[in-house]
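Undergrad: Following is a predicted model, sequence given first.
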Amino acid sequence: MKQLLLSIALCFSLLACATAQVTTLKGGKSDQINIKIHEVDMLLQILPLLLTKDQINSKLLPIIEKNRDMLRKELAYEDDELAKLESILDDAMTAAYDKGAYPARKITDEVAAKTKQLSNRRNIVELQMVGSMTEVLDLTLNAGQKKALLGSFDTKFSYPNLKPEQVTDALKMNFFVERVFLDPITYEILKKLAK
């Protein structure tokens, strides 16, 4: 059931991305409903862990806050770096529209190099976030909670290119951390559950 809801939410989010340029009068309401679908899906992943308020407040929320701060700093860096490209992009677009000039190879190479560099930095930050969250979960969750986490998804869905016996507990934990604990809505869900 969890996989079905996750799959449906994924399809809707992909559809939303594919049609991002088109809106309807009811589009805002649909966006709100899609957020609720996503929140319910995250609740389906989190509630079976039977997290205590103490675990949430003293261990999980602080590491999520630290990770969010790390990501916020990385995003600010990316904003600054992308802003440096704006003038050359504006010039290339003006020349293309006014004169029919193709953007120079130098510009596309510079943009490609910058986006690759930013992507690599973001991947490193995300790996650090997964590592720190996994470390805290490993120290915080009891054996039953870990069992619930590790058994909470179908390996065919999460790692379709691997045989089930190749999917280790570490891979399962990392997948769960990436898809659940690092999801922005999880922080808000945990705050509500910890009240």
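TA: It's in. Predicted model only: the values in this text are computed from it and were never measured. Numbering: from 1, shown residues only.
Undergrad: Name the residues of whichever strand or helix holds Val130 that are buried.
TA: Using DSSP states H and E, Val130 maps to helix 105-140. Neighbour-count burial for helix 105-140, counted by 16 or more other Cβ atoms under 10 Å, picks out 107, 111, 125-126, 129-130, 132-134, 136-137, 140. From N, CA and C alone the C-beta is placed, and that goes for glycine too.
Undergrad: closest to Ser30 among those?
TA: Glu126 (28.8 Å; Cβ to Cβ).
Undergrad: mind listing what that closest one touches?
TA: Contact partners of Glu126, counting by Cβ atoms under 8 Å, 6 or more residues apart in numbering, are 178, 182.
Undergrad: Next, find the distance separating it from Ser119.
TA: From Glu126 over to Ser119 the distance is 10 Å, taken as Cβ to Cβ, to the nearest Å.
Undergrad: again, but for Asp154
TA: Asp154 is 29 Å from Ser119, where distance means Cβ to Cβ.
Undergrad: Then Glu65?
TA: Using Cβ to Cβ, one gets 25 Å for the distance from Glu65 to Ser119.
Undergrad: any low-confidence regions in the chain?
TA: Along the chain, the model assigns pLDDT under 70 to residues 1-24, 27.
Undergrad: which residues touch Leu139?
TA: Listed by Cβ under 8 Å, 6+ apart, the contact partners of Leu139 are Lys59.
Undergrad: ok, now which ones touch Leu50?
TA: Here Leu50 is in contact with 144-145, 148 (Cβ under 8 Å, 6+ apart).
Undergrad: same question but for Ile189, I mixed them up
TA: Applying Cβ under 8 Å, 6+ apart to Ile189 gives the contacts 39, 42-43, 46.
Undergrad: Quickly find the element holding it.
TA: Per DSSP H and E: helix 184-193 holds Ile189.
Undergrad: buried sites along stretch 92-105?
TA: Ala92.
Undergrad: and for that stretch, what are the contacting residues?
TA: Ile107.
Undergrad: what's the answer for stretch 111-120, then?
TA: Under Cβ under 8 Å, 6+ apart, the answer for stretch 111-120 is 78, 81-82, 84-85, 89.
Undergrad: so which of the residues you listed comes closest to Ile35?
TA: Nearest to Ile35 among the contacts of stretch 111-120, with distances taken as Cβ to Cβ, is Glu78, at 24.2 Å.
Undergrad: show me what contacts that closest one?
TA: By Cβ under 8 Å, 6+ apart, Glu78 lies in contact with 118, 121-122.
Undergrad: Same check on Met42?
TA: 180, 183, 185-186, 189.
Undergrad: at 10 Å instead, please
TA: By Cβ atoms under 10 Å, 6 or more residues apart in numbering, Met42 lies in contact with 6, 9, 179-181, 183-186, 188-190.
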